[in-house]
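1. structure for this input, please:
(one chain, ligands or ions: 1)
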Amino acid sequence: MSKLVLANLKMYQSTKESVDDYINKLKEVKDKFIVFPSTIYLEKFIQNNFTCGVQNASVHNPGPYTSEVSIHSLKNMGIKYVLLGHSEVRQNMAEDDELINRKIKQAINNNLKVILCIGESLEAYNQSQTKIILKSQIEKALKDISEEVIISYEPVWAIGSGKTPTNNEIEDITKYIKSLFDYDVKVLYGGSVSDENINTLNEIPNIDGFLIGKAAIDPSSLMKIIEVAEK
Ligand code: PGA
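-> Now for the predicted structure:
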């Protein structure tokens, strides 16, 4: 089975031209990955038949919520996936597990597929608290939810740092996460995945795919990652 490849473009792209160029260079492989662009560029990707996800969304139904984007409107424009619980959103937008739980319910009610991001801080990693943190994030975010979600394990200290856990560590954590579910949950790894380390990371036997940030901005890096992950 080939793995899921998710490109989290964060807020990197900031001109129409760069988005057009990106779409043009990746259109041949558009069926091989899921793209999470800046919300304002979603329409362009949808028009070009890319499978799209959104990086976050409002917990509310359409209504008086200035600046927010409803899951309902995203679903209506053809978005298939929503990324929730990303550590940058947890930190910069002060989202806690309880809000993430409500957003997951909102997404499920609108038939969007949820990618729940979880991960430990460097401090927790150094104190061997990783599994305790991940279990708590999963239990709180998925409270009263029985529908299937996808988990992306992203250590906070690995995101954008060029550092990754060892393959053995990721394999062990993946196994642990899977043991917490009563269905065959898909577990992705994210955090400094690049065209240089993808060959190594792809050897992890139980991983179901990768969530890529910075390296996904460069079409040639992303294409290399897709090619390796397909093996
Ligand atoms: P990174 O980001 O690949 O730039 O480390 C991954 C992510 O935040 O999803």
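
2. low pLDDT regions in the chain?
-> For the chain, the stretches with pLDDT under 70 are 1.

3. state the distance from the closest residue to Lys231 other than its chain neighbours to the ligand.
-> Excluding its sequence neighbours, the residue lying closest to Lys231 (Cβ to Cβ, 6 or more residues apart in numbering) is Asn202, at 6.7 Å. For glycine as for every other residue, the C-beta is placed from the backbone atoms N, C-alpha and C. Note on Asn202: its distance to the ligand, by Cβ to the nearest ligand atom, to the nearest Å, is 15 Å.

4. which residues touch whichever strand or helix holds Met223?
-> Using DSSP states H and E, the element containing Met223 is helix 219-229. Contact partners of helix 219-229, identified using Cβ atoms under 8 Å, 6 or more residues apart in numbering, comprise 2-3, 5, 7, 22, 25-26, 29, 32-33, 193-195, 198-199, 202, 209-210, 212, 215-216.

5. can you say which of these are buried?
-> Neighbour counting with 16 or more other Cβ atoms under 10 Å marks 3, 5, 7, 22, 26, 29, 32-33, 193-195, 198, 202, 209-210, 212, 215-216 as buried within the contacts of helix 219-229.

6. these in helices, which ones?
-> 22, 26, 198 (DSSP state H).

7. nearest to the ligand, of those?
-> Ile198 (11.1 Å; Cβ to the nearest ligand atom).

8. Lys214 reaches Gly160, doesn't it?
-> Yes: counting by Cβ atoms under 8 Å, Lys214 does reach Gly160; the two are 6.2 Å apart.

9. which residue sits closest to the residue of the chain found nearest the ligand, ignoring its sequence neighbours?
-> When scored by Cβ to the nearest ligand atom, the chain has Gly213 as its residue closest to the ligand, at 2.3 Å. In space, and not counting its chain neighbours, Gly213 is closest to Asn8: 5.0 Å by Cβ to Cβ, 6+ apart.

10. so the one you found makes contact with Lys214?
-> No: counting by Cβ under 8 Å, Asn8 stays clear of Lys214, with 9.2 Å between them.

11. which one's more surrounded, these two?
-> Asn8 (26 against 17; other Cβ atoms under 10 Å).

12. the residue most distant from the middle of this structure, which is it?
-> When each C-alpha in the chain is compared with the mean C-alpha position (Cα atoms, centre = their mean), Pro64 comes out farthest, at 28.2 Å.

13. contacts only, for that residue.
-> Applying Cβ under 8 Å, 6+ apart, no residues contact Pro64.

14. A strand includes it, no?
-> No: checked against DSSP: H, G, I helix; E, B strand; the rest coil, Pro64 lies outside a strand; its state is coil.
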